[in-house]
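A.B. asks: Below is the structure, and that's it, no one-letter string:
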């Protein structure tokens with residue numbers, strides 16, 4: 001629906017280590033929000049130090065990597081865990097993280113063999129070995145988790161996934177620990193970009209305690225990344241991370257990360273202005289005035305004094321998914337009408353002050369702006385929407401209503417509520433009755 005040309009606008013109060021916010025492992029976190037003196041919702045515990053970055057986070061769905069399904073929880077997972085591979089944006093390819101080198105691939109393109117770095121440790125001192133990757137990936141695919149993973153489809157190319165995920169067997173045949181430092185993955189079919197799949201933060205190794213005490217691990221995951229949790233997740237309050245001294249890679253340039261959980265962007269922004277959060281999302285409608293007050297980052301990603309608003313490009317698309325089980329939305333004419341009724345340009349101009357672009361397909365235009373990818377029904381055409389609803393058997397009555405109802409179901413954090421209210425007005429303008437859930 002909205003092609004995010006720029007990231008969720010955020011701004012920074014402080015600089016760290018001569019202007020660097022953190023190491024590359026935290027680059028994604030620095031773009032999600034910030035914090036300072038650990039003030040915010042409820043009891044926020046110990047005060048932040050001079051070299052601790054604090055930022056705004058809305059309440060995550062999960063912080064356990066097996067279900068790293070949205071950006072809030074994934075921000076925690078990225079800081080606490082390292083997987084086999086990571087994406088190098090300069091090279092535009094997957095590069096080794098826990099893997100010591102790029103994987104070797106069998107002649108038929110189905111078997112990927114990863115050699116692990118020596119000496120890696122989990123935050124509890126357990127070694128990171130091939131079996132810990134088998135363990136972690138099986139948790140992602142397992143149907144026996146209390147809440148099955150929403151990201152398990154990433155492992156669908158691996159041999160044995162379908163049977164294991166369906167609960168037909170306890171063996172995930174495509175995963176094998178050849179020895180302590182050799183992890184072998186067999187695919188059902190050749191897949192040249194499988195190393196890119198391995199970059200997903202959820203495909204991380206886990207120690208044995210994730211199996212022995214899964215409930216504790218859900219609240220306080222023990223990872224192998226540059227930062228470790230100091231305490232269990234304080235729901236709707238904070239998540240506190242400290243530098244892991246035995247990290248195998250480059251040591252973080254900051255001592256910790258304090259994730260101040262706030263109920264909405266406006267509350268977090270108020271905390272920022274009060275000096276208690278270092279980084280916060282800018283609420284909708286306040287981008288331009290905030291740029292005027294604090295200055296815009298030169299490269300869009302680096303916060304320096306007087307140039308603190310980060311508007312760097314983000315490769316993402318905001319979209320709605322029609323439920324195939326809904327009898328109304330099962331009609332393609334209704335789905336097309338819904339799309340045609342949404343005034344994307346108005347949403348971009350009003351809520352986001354031009355910092356986003358109307359989406360024309362699922363693909364962000366920063367990746368591919370080819371005309372052949374454009375979906376015709378992404379245009380704003382309420383007249384055409386009305387005609388499709390007529391054809392679907394929902395003619396308008398004297399009041400303009402059509403006797404057709406849909407529900408907008410969305411997570412309430414961030415600016416989703418404002419955006420969905422705008423969508424609701426557009427749909428109601430063509431006679432669709434809308435409720436929000």
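C.D. replies: Structure received. Predicted, not measured: the structure shown is a model, and the values here were computed from it. Numbering: from 1, shown residues only.
A.B. asks: tell me the contacts of the closest residue to residue 404 other than its chain neighbours?
C.D. replies: Distance criterion C-beta to C-beta, 6 or more residues apart in numbering; nearest residue to residue 404, sequence neighbours excluded, is residue 394 at 4.4 Å. Every residue, glycine included, has its C-beta placed from N, CA and C. When contacts are counted by C-beta atoms under 8 Å, 6 or more residues apart in numbering, residue 394 touches 334, 402-404, 431.
A.B. asks: again, only this time at 7 Å
C.D. replies: The neighbourhood of residue 394, defined by C-beta atoms under 7 Å, 6 or more residues apart in numbering, consists of 402-404.
A.B. asks: Also residue 419?
C.D. replies: 347, 351.
A.B. asks: if I've got this straight, it is in a helix?
C.D. replies: Yes - assessed by DSSP: H, G, I helix; E, B strand; the rest coil, residue 419 belongs to a helix.
A.B. asks: do you know how far it is from residue 249?
C.D. replies: Counting by C-beta to C-beta, to the nearest Å, the gap between residue 419 and residue 249 amounts to 38 Å.
A.B. asks: Would you map out the domains in the protein?
C.D. replies: Described in terms of the TED database, the domain architecture of the chain consists of the residue ranges 81-207, 332-436.
A.B. asks: any chance of the ones you listed in TSV, plus distance to residue 243?
C.D. replies: Shown next, in TSV, are the domains of the chain (distance: least, C-beta to C-beta, whole Å):
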stretch	distance to residue 243
domain 81-207	11
domain 332-436	27
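A.B. asks: By mean pLDDT, show me the worst of those.
C.D. replies: Comparing the domains of the chain by mean pLDDT, the weakest confidence falls on domain 332-436, with a mean of 91.
A.B. asks: what number of residues lie near residue 197?
C.D. replies: Applying the criterion other C-beta atoms under 10 Å, we find 19 residues in the vicinity of residue 197.
A.B. asks: before we move on, what about residue 434?
C.D. replies: Residues near residue 434, counting by other C-beta under 10 Å, number 18.
A.B. asks: Same check on residue 303?
C.D. replies: Residues contacting residue 303 under the criterion other C-beta under 10 Å number 26.
A.B. asks: how close does it sit to residue 289?
C.D. replies: Shown here: residue 303 relative to residue 289, a distance of 18 Å by C-beta to C-beta.
A.B. asks: Which parts of the stretch 251-400 of the chain are strands?
C.D. replies: Using DSSP state E, counting those that start in this stretch, the strands of the stretch 251-400 of the chain run over 256-261, 279-281, 309-310, 313-318, 357-358.
A.B. asks: can you tell which of the ones you listed is closest to residue 153?
C.D. replies: Nearest to residue 153 among those is strand 313-318 (17.9 Å), distances taken as C-beta to C-beta.
A.B. asks: What strands flank that closest one, and is each parallel or antiparallel?
C.D. replies: strand 2-6 (antiparallel) (DSSP bridges).
A.B. asks: Report the mean confidence score over the partner strand.
C.D. replies: Averaging the model's pLDDT scores along strand 2-6 yields 41.
A.B. asks: And the buried ones among the contacts of residue 394, selectable in PyMOL?
C.D. replies: For selection in PyMOL, the members of those meeting the burial criterion (16 or more other C-beta atoms under 10 Å) are listed in this command:
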select buried, resi 402+404
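A.B. asks: Please identify which of the contacts of residue 394 is nearest to residue 326.
C.D. replies: Comparing those against residue 326 with C-beta to C-beta picks out residue 404 as the nearest, at 11.0 Å.
A.B. asks: ok, what's across the strand from the closest one?
C.D. replies: With DSSP bridges as the criterion, residue 404 is bridged to residue 432.
A.B. asks: Now do the end-to-end distance for stretch 147-158.
C.D. replies: From its first residue to its last, stretch 147-158 covers 21 Å (C-alpha to C-alpha, to the nearest Å).
A.B. asks: To clarify, my last question referred to stretch 137-146.
C.D. replies: When the termini of stretch 137-146 are compared using C-alpha to C-alpha, they are 16 Å apart.
A.B. asks: ok, and what's touching that stretch?
C.D. replies: Identification of contacts with stretch 137-146 by C-beta under 7 Å, 6+ apart yields 66, 149, 151-152, 155, 161, 164-167, 172, 175, 202-203, 206, 210.
A.B. asks: Could you identify the buried members of these?
C.D. replies: With neighbours counted by 16+ other C-beta under 10 Å, the contacts of stretch 137-146 contain buried members at 66, 149, 151-152, 155, 161, 164-165, 172, 175, 202-203, 206, 210.
A.B. asks: What segments of the stretch 101-250 of the chain are helices?
C.D. replies: According to DSSP state H, counting those that start in this stretch, the stretch 101-250 of the chain carries its helices in the segments 130-141, 161-165, 194-197, 209-212, 214-219.
A.B. asks: most packed of those helices?
C.D. replies: Relative to the other members of those, helix 130-141 carries the highest mean neighbour count by mean count of other C-beta atoms under 10 Å, namely a mean of 23.
A.B. asks: and the closest residue to residue 130 other than its chain neighbours, what does it touch?
C.D. replies: Nearest residue to residue 130 in three dimensions, chain neighbours excluded: residue 177, at 3.7 Å (C-beta to C-beta, 6+ apart). Residue 177 makes contact with 130-131, 134, 183, according to C-beta under 7 Å, 6+ apart.
A.B. asks: cool, residue 351 as well?
C.D. replies: Contacts were defined as C-beta under 7 Å, 6+ apart; by that measure residue 351 touches 284-285, 415, 418-419, 422.
A.B. asks: Most neighbours among the residues you listed, which one is it?
C.D. replies: When the contacts of residue 351 are compared by neighbour count (other C-beta under 10 Å), residue 284 ends up highest, at 21 neighbours.
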